[in-house]
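Chemist: Mind folding the following:
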Amino acid sequence: MDELTPIWDLPDVPKGVLPPHIDLQKTRVVCNFDAPINTENIQYSGAFASIGVDNSVQLDKFKENFKIEVIRLDESDMEFDMIGVDASLANAFRRILIAEIPTMAIEKVFMANNTSLVQDEVLAHRLCLVPLNADPRLFEYKSENDESSEKNTIVFTLHASCTKGGSRISVKTDELIWLPNGSEFELPTEKSTSDSTVKPKTYTSFTCSQDSILEFANNPIAPTNSNIVLAKLGPGQEIELEAHAVKGVGKTHAKWSPVATAWYRMLPEVVFLKDVEGKKAKELVEKCPAKVFDIEDMGTGIKRAVASRPRSCTLCRECIREGDFDQYVSLRRVKDHFIFTIESTGALPPEVLFTEAVKVLEDKCERLITELS
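Modeler: Below you'll find the predicted structure:
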């Protein structure tokens, strides 16, 4: 055979189709016992032009292959499969979820009295990290020059004390009381007036009560978890403060991050190169700590190992690390299939967080197109 014979003229390789070994390099990460291979993504549109395969990204083809399948969904957690995308796009959603979706978090703490063992700065820091269930889409960003109002600020008060002669008590987040009418602390620079009809100036200037908003009337603003310990008070100790929450994003400070974590992994794939039967099948089942394999009775007295739970595979490679099992089993990851997990802190449901992440990415794309045009 002439060495210059095109590869599509070889037997069983139709023109315009990648040969199996090249398709494996393009679509799978092969996890050998010592190290993974084929980890790079092949993005160059003309990478396979010599064999008549178009590797360019086309919108119609992307729409046809792209899928999202929700696997698990509850109040705080969501697991879904993102199929037909590159790792860069999956990572873009992860970074947006962590750093660019706004939430409400405590920014300023005004201490009226703190005789506990917890320093003012430490207590303020603990308060700032408390997740709040307020919907950030109902509020505006507050700049340094803006005055605090019902549109950009949420006010909480906390007053707890331990009576003398009593036992120690724990101050928890259920002590944070939402003030829908704004601050109750008077500005220290304002002189008191004898006129009782004049309302003293406070740290906020609310023109209306926040509980008049329908969303807040049905779901009052409060910490998402009422059982977080903020401090412990001994007999005679007291804490009195006011906390102001504003809108922000996680790239400014982690307290504004709406997720406890957002992460993804490529779909594991377990492929049998040869049938694993008898004692070897039992040994394979026992070697896997993730319980991926089971033994199936083939009905003729032959018991064969099968990968009944490939999704549970953590790619620890214990099953192929010793012996000759790497000749029987191949562990792979699918490059365009991602298992995505979102763990919300409670401000917004996880499915809403992902929708907001899509909007943020869409805005980025529109700004890029506008600047290029």
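Chemist: Would you indicate which residues of the lowest-mean-pLDDT helix or strand in the chain are buried?
Modeler: Lowest by mean pLDDT, DSSP states H and E among the helices and strands of the chain is helix 214-218, with a mean of 82. Neighbour-count burial for helix 214-218, counted by 16 or more other Cβ atoms under 10 Å, picks out Phe216. Where you see a C-beta, it was placed from the backbone N, CA and C, and this is true even at glycine.
Chemist: again, but for stretch 322-336
Modeler: Phe325, Asp326, Tyr328, Val329, Ser330, Leu331, Arg332, Arg333, Lys335, Asp336.
Chemist: tell me the mean pLDDT for the longest strand along the chain?
Modeler: As assigned by DSSP state E, the longest strand anywhere in the chain is strand 329-344. The predicted model gives strand 329-344 an average pLDDT of 96.
Chemist: Check which helices and strands that strand sits against.
Modeler: helix 20-27, strand 28-31, strand 77-83, helix 87-99, strand 259-272, helix 318-321, helix 350-372 (3 or more Cβ pairs under 8 Å, 6 or more residues apart in numbering; DSSP states H and E).
Chemist: Residues in contact with stretch 69-80: which ones?
Modeler: Outside stretch 69-80, the residues that touch it by Cβ atoms under 8 Å, 6 or more residues apart in numbering are 68, 81, 83, 339-346, 349-351, 354.
Chemist: which stretches of this structure aren't confidently modelled?
Modeler: The chain contains residues with pLDDT under 70 at 1-15, 190-198.
Chemist: Find the centremost residue of it, please.
Modeler: In the chain, the residue lying closest to the centroid (Cα atoms, centre = their mean) is Ala262, at 2.1 Å.
Chemist: That one against Asn91, yeah?
Modeler: No - using Cβ atoms under 8 Å, Ala262 is not in contact with Asn91, being 10.4 Å away.
Chemist: could the buried residues of stretch 322-336 go into TSV alongside distance to Arg28?
Modeler: Shown next, in TSV, are the buried residues of stretch 322-336 (distance: Cβ to Cβ, whole Å):
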residue	distance to Arg28
Phe325	19
Asp326	16
Tyr328	18
Val329	14
Ser330	9
Leu331	10
Arg332	4
Arg333	7
Lys335	6
Asp336	10
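Chemist: Can you pick out the most distant pair from those?
Modeler: Within the buried residues of stretch 322-336, Phe325 and Asp336 form the most distant pair, 27.4 Å apart (Cβ to Cβ).
Chemist: before we move on, back to that, return the distance of the longest strand of the chain from the chain's centre.
Modeler: 15 Å (Cα atoms, centre = their mean, to the nearest Å).
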